[in-house]
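Asker: got a predicted structure here, sequence first:
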Amino acid sequence: MPQPAPRVYLQEFTAANGQPFSFQMVEVKGGVFQMGSEDEDGYDDEKPIHPVKVSDFWMGEYVVTQALWQAVMGEENQPSRF
């Protein structure tokens, strides 16, 4: 059975330079999964295997580029070193 399409939300912003733009978000459904490893090559902080619960959350549908980051945050807030 096919999965339903995720809900989409279009977030409207005004960039630091005053230009309006939008950023599309998609809903990611939470759930429970098993995290960890019992593998002998695994690191100590990966053990033991245990259940992890993640709540629903929203995520940008597309990668945030440096240009987009600077447009929103301004030139002085550039975290990139390259």
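Answerer: Alright, I've got the coordinates.

Asker: just how off-centre is the helix or strand bottoming out on mean pLDDT in the chain within its chain?
Answerer: The weakest-scoring helix or strand in the chain, judged by mean pLDDT, DSSP states H and E, is helix 66-73 (a mean of 77). The gap between where helix 66-73 is centred and where its chain is centred comes out at 16 Å by CA atoms, centre = their mean, to the nearest Å.

Asker: same check, this time on stretch 60-78
Answerer: Taking CA atoms, centre = their mean, the mean C-alpha location of stretch 60-78 is offset from the chain mean by 14 Å.

Asker: in the least confident helix or strand of the chain, what counts as buried?
Answerer: 68, 70-72 (16 or more other CB atoms under 10 Å). (C-beta placed from N, C-alpha, C; glycine too.)

Asker: S55 versus L10, what's the distance?
Answerer: Computed as CB to CB, to the nearest Å, the L10 to S55 distance reads 22 Å.

Asker: that should have said A15, apologies.
Answerer: Noted for A15: a distance of 30 Å to S55, by CB to CB.

Asker: those two: which has the busier surroundings?
Answerer: The residue with more neighbours, out of A15 and S55, is A15; 14 against 8, by other CB atoms under 10 Å.

Asker: excluding its backbone neighbours, what's nearest that one?
Answerer: Using CB to CB, 6 or more residues apart in numbering and skipping residues adjacent in sequence, the residue nearest A15 is A71, 4.1 Å away.

Asker: the one you found contacts P20, correct?
Answerer: No - if you go by CB atoms under 8 Å, A71 and P20 don't touch, sitting 10.6 Å apart.
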